[in-house]
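Novice: make a model of this:
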Amino acid sequence: MRPQGDLEAFTLTALDLLGGAAEEQTVGLYTVLWPVSGAGHLETRQIAFEPDLLDEHPAAELVTFGSPVLEEIVLRATASGQVAEAFLNAAVNPSRAIADRLVRSYRFPECVWTPETFRPWWLPAGIFLFRVRYLSDAREEDLVQVALNLVDGRILRRLDAAIERHGIASDLAEDWPVMAEGPVRHAYTIAREELEQKLVSPLGQRRRELVARLTRESERAAAYYDELIREGEEQRTGLTAGAPERARIDSRLATLRLERAGRLGELRSKYRLEVEVSLRSLLRLYLPRLVVGGRLAGKRSESALSLIWDPVEQTGEPGRCARCLGLTYELGLHRSGAVVCARCFDAPAERHH
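Specialist: The predicted model follows:
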């Protein structure tokens, strides 16, 4: 994998699609004509893909995963129509029976959770479609899909099955509120990390195949040149240092050794695997959820706690700890009154100065 090279290729391609242009000043440094949103004209900016370049070019903007300039590019690509929207056709039926099933998804140590209100929401999910190119002696291309919850960043591994089961619609089926999304750069970073995990197996298989082919061809080429060199050395045996034939044979042997090294180098280059990754599209898919508001009561205190029912998977979604912000299915009341996960139950109360 070449993350920086992939990021550079993605950024330049996105600029081109958005109507901009880039001119390379030096390796990793570009002057770009950047389309001004809503203004109809271009502005000049500098972008860099290596932190060291900022020492000599302090006005340049560094493009890395999570950087503001990358987020701006992704947002503009979204606004330009590179992102489609759809809605999952799954019904939501608020009822007391759903609340009873929801409770069974969690553990509430020394507490009782009581449902009070029911309201359907749309949860935005992102389906990132990446194009992966494998470059070696042959060129192969795959499309790899990564789906994640855009609110909390969780990977949605069974979304394909839900789409196949329920279908999707392009129009808003129900006028429900939409849950707030996290930062675009955060979602994109998670999607890239998941993509790299998905590529571990195919990359390993391709590398093993290339190593096997490289070994076979290298051994064949080496044996061919070794035999020619052996024959030349046998011819040279017994010749005096000043014999004209010896000089000719020595020259031939030197040429063969150079050709041998060159051929083996060519084979190593031929069977070196490179991978190029680019984001082709993003489907923003809205999933139905039922938010059940309620109260979590313990022996000494109680607190408001809303839980989320997933009507597609027929289960509750993990709650978030108020202290560590981790996602969990085990929720209780801290001595401070905050709703926390099991690891934070015994944490000392925070002091406010």
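Novice: from here on, just use CA atoms for contacts and neighbour counts.
Specialist: Fine.
Novice: can I assume Q145 sits in a strand?
Specialist: Yes: membership of Q145 in a strand is supported by DSSP: H, G, I helix; E, B strand; the rest coil.
Novice: so which residue is dead centre in the chain?
Specialist: Centroid-nearest residue in the chain: R192, 0.7 Å away (criterion: C-alpha atoms, centre = their mean).
Novice: doesn't that residue belong to a helix?
Specialist: Yes: under three-state DSSP, R192 falls within a helix.
Novice: for it, give me the pLDDT.
Specialist: The model reports R192 with a pLDDT of 89.
Novice: distance check, it against L279.
Specialist: Separation of R192 from L279 (C-alpha to C-alpha, to the nearest Å): 9 Å.
Novice: where does the protein have low pLDDT?
Specialist: Scanning the chain with the threshold set as pLDDT under 70 gives 1-6, 17, 37-41, 65-66, 75, 77-83, 173, 349-353.
Novice: show me how it divides into domains.
Specialist: 3-64, 204-273 (automatic domain parsing).
Novice: make TSV out of those and add mean neighbour count.
Specialist: Output for the domains of the chain, formatted as TSV (neighbours: other C-alpha atoms under 10 Å):
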stretch	mean neighbour count
domain 3-64	16
domain 204-273	14
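Novice: can you check which of these gets nearest to G316?
Specialist: For G316, the closest of these is domain 3-64, at 35.7 Å, according to C-alpha to C-alpha.
Novice: for Q145, find the nearest of the domains of the chain.
Specialist: Among the domains of the chain, domain 3-64 comes nearest to Q145, with 16.6 Å by C-alpha to C-alpha.
Novice: for the stretch 1-150 of the chain, what spans make up the strands?
Specialist: Secondary structure of the stretch 1-150 of the chain (DSSP state E, counting those that start in this stretch): strands at 21-26, 29-35, 42-48, 61-62, 83-88, 112-135, 139-149.
Novice: now those strands as JSON lines including distance to G167?
Specialist: Converted to JSON lines, these look like this (distance: least, C-alpha to C-alpha, whole Å):
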{"stretch": "strand 21-26", "distance to G167": "39"}
{"stretch": "strand 29-35", "distance to G167": "37"}
{"stretch": "strand 42-48", "distance to G167": "41"}
{"stretch": "strand 61-62", "distance to G167": "41"}
{"stretch": "strand 83-88", "distance to G167": "6"}
{"stretch": "strand 112-135", "distance to G167": "15"}
{"stretch": "strand 139-149", "distance to G167": "16"}
